[in-house]
Every structure is written in C-alpha cells, then in structure tokens.
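1. Sharing a sequence plus its predicted fold:
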Amino acid sequence: MTRPVRIGICALAVTVVGVGALQAPASARQRRRPTRHPALQIAPQAPISADGLTVDVKITIRCKGASPVPIKVSVQQNRTSGSARSGTNYKCNGSTQRVVVPVTASSNQFHKGSASASASVTLRTPTSTSNPSVAKGIQLV
C-alpha cells in the first residue's frame, strides 16, 4: 500500500515541476491588446421628424490625422429609403466625435419601427487611406 502512495506523490511532483518549467516568464507573456472601438458606429435609435420625412441618424466617428470629410448615411425601411451626407464639422484628433446626419426620405414617409441603416466614409492621412463602414438594424422612434 505504501508503494502506490509513493508513486502517486512522485507523479504529482513531476506534474507540478513540469507545468512550472513550461510556463513562460511574465516578461515573455504576450500582452492583450486593448479593445479598439470601431472607427464608425451608428446609434441604435434615430428620431423621426413630425412629418415623417426625415430621420436624424446619430453617428460616432473616431479618426486621427485625417481631414474631416462627409460621411454617407443611408436608411431603408420597407419601401421607404433615403440617403444623405454629413457635414465636416468633426475633428480627426483621435477621440470619438458625434455627428447627426438628417436623412430625408426619397419617397413615402418613415414611421416608428425597425429600419436598416448604413454609414461609410473615406479617410485619408498623409500615409494611408481607410474606408470604415457599418450597417445595422436600428429603431426609428
């Protein structure tokens, strides 16, 4: 009975030593990269004007080193759709900026309920070009 206990203790000791030897030192472990927020986002809700012809889509954008350019936004709800471009009154300074884009229906009227929205922009810096875009379901309220 003593022999099986010794074998078990030895096996446990070998396992602990083996695991310790295989672990990388703290300096060699990879650091997790911080989660980056997407460069372009659409708010989950958009208010409708009293006459139903316009929807104010709220966009957040994060860019750095680029000149602000218009953001293209489209909204589709059943047979009603519209698209518009934002102004350039935001800054590409690395922090998140909020832009409201009024989208006017090309025909019919928007009504409360589900819709699809998309946004895209082409950002150019002296060394690169990026084309962030996003599409998602939103609620018109």
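-> Yep, it's here.

2. Name the helix or strand of this protein that has the lowest mean pLDDT.
-> Taking mean pLDDT, DSSP states H and E as the measure, the chain has helix 2-22 as its least confident helix or strand, at a mean of 55.

3. any idea of the mean pLDDT in the helix or strand that that helix is followed by?
-> Counting by DSSP states H and E, the next helix or strand C-terminal to helix 2-22 is strand 40-42. Averaging pLDDT along strand 40-42 yields 97.

4. Does residue 95 touch residue 60 like I think?
-> No - in this structure, residue 95 is not within contact of residue 60 by Cβ atoms under 8 Å, at 10.4 Å. Every residue, glycine included, has its C-beta placed from N, CA and C.

5. quick one: which of these two has more around it?
-> The neighbour count for residue 95 versus residue 60, taken as other Cβ atoms under 10 Å, is higher for residue 60 (18 against 9).

6. Hmm, residue 96 and the more buried one touching each other?
-> Yes - assessed by Cβ under 8 Å, residue 60 is found in contact with residue 96 at 5.3 Å.

7. Where does pLDDT dip in this structure?
-> Scanning the chain for pLDDT under 70 picks out 1-38.

8. Can you give me the neighbour number for residue 77?
-> Residues within reach of residue 77, counting by other Cβ under 10 Å, total 22.

9. Equivalent analysis for residue 69, please.
-> When counting by other Cβ under 10 Å, one arrives at 16 neighbours for residue 69.

10. Roughly how far does it sit from residue 126?
-> Using Cβ to Cβ, to the nearest Å, one gets 15 Å for the distance from residue 69 to residue 126.
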